[in-house]
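Novice: I would like the atomic coordinates for the input below:
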Amino acid sequence: MTPQNRPSWQSLVRFMCVGVVGFIVDGGLLFSLIALGTDPYTARLCSFPLAVLATWWLNRVWTFQSSNRSKPVSQLGRYVAVQLVGVTTNYLAYATVLNLTQPTPEFVLLGFVIGSTIGLFVNFLGARFFAFPNAGAT
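Specialist: Numbers count the residues shown, from 1 in each chain. Model prediction:
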């Protein structure tokens, strides 16, 4: 099935699979750097950008199969902007849940789930319509 006639749900499933890869890259590098003696804050500053780069490339070639292969640097810039909006939205939803409830493990988990879900859809829509607008997924 070509990107032009792939259903949006299929793109969303691929986007979620790429997200799992990003999670593995991010977490794997984070904990490897910490194991090598890097402080957790510096390790995170290294692991997150590499995970974003990996997910950009995978989304570009697999999820959205971008028909516009020109100007990859500007496309990457748009993708990073989308990721920053997504992570901000995720965190704001998480913090809102915690501010409206008590920080018990159950509500922390609820905030995490709500924030992650909202962030997923913000990132997917941003990637589909802003970072990869010419991908043709419908």
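Novice: and the nearest residue to residue 53 once chain neighbours are set aside, what element?
Specialist: Closest residue in space to residue 53, ignoring its immediate chain neighbours: residue 76 at 7.6 Å, by CB to CB, 6 or more residues apart in numbering. For every residue, glycine as well, the C-beta is placed using N, CA and C. If you go by DSSP states H and E, residue 76 is part of helix 72-100.
Novice: returning to that earlier point: surely the residue nearest to residue 53 meets residue 59?
Specialist: No: the pair residue 76 and residue 59 fails to qualify as a contact (CB atoms under 8 Å) at a distance of 10.7 Å.
Novice: Name the residue in these two with the higher neighbour count.
Specialist: Here residue 76 and residue 59 are compared on neighbour count by other CB atoms under 10 Å; more neighbours surround residue 59, at 27 against 16.
Novice: Would you check that the more buried one makes contact with residue 124?
Specialist: No: between residue 59 and residue 124 there is no contact under CB under 8 Å: 9.5 Å.
Novice: Next, show the common contact partners of the two.
Specialist: When CB atoms under 8 Å, 6 or more residues apart in numbering defines a contact, the residues bordering residue 59 and residue 124 alike are residue 15.
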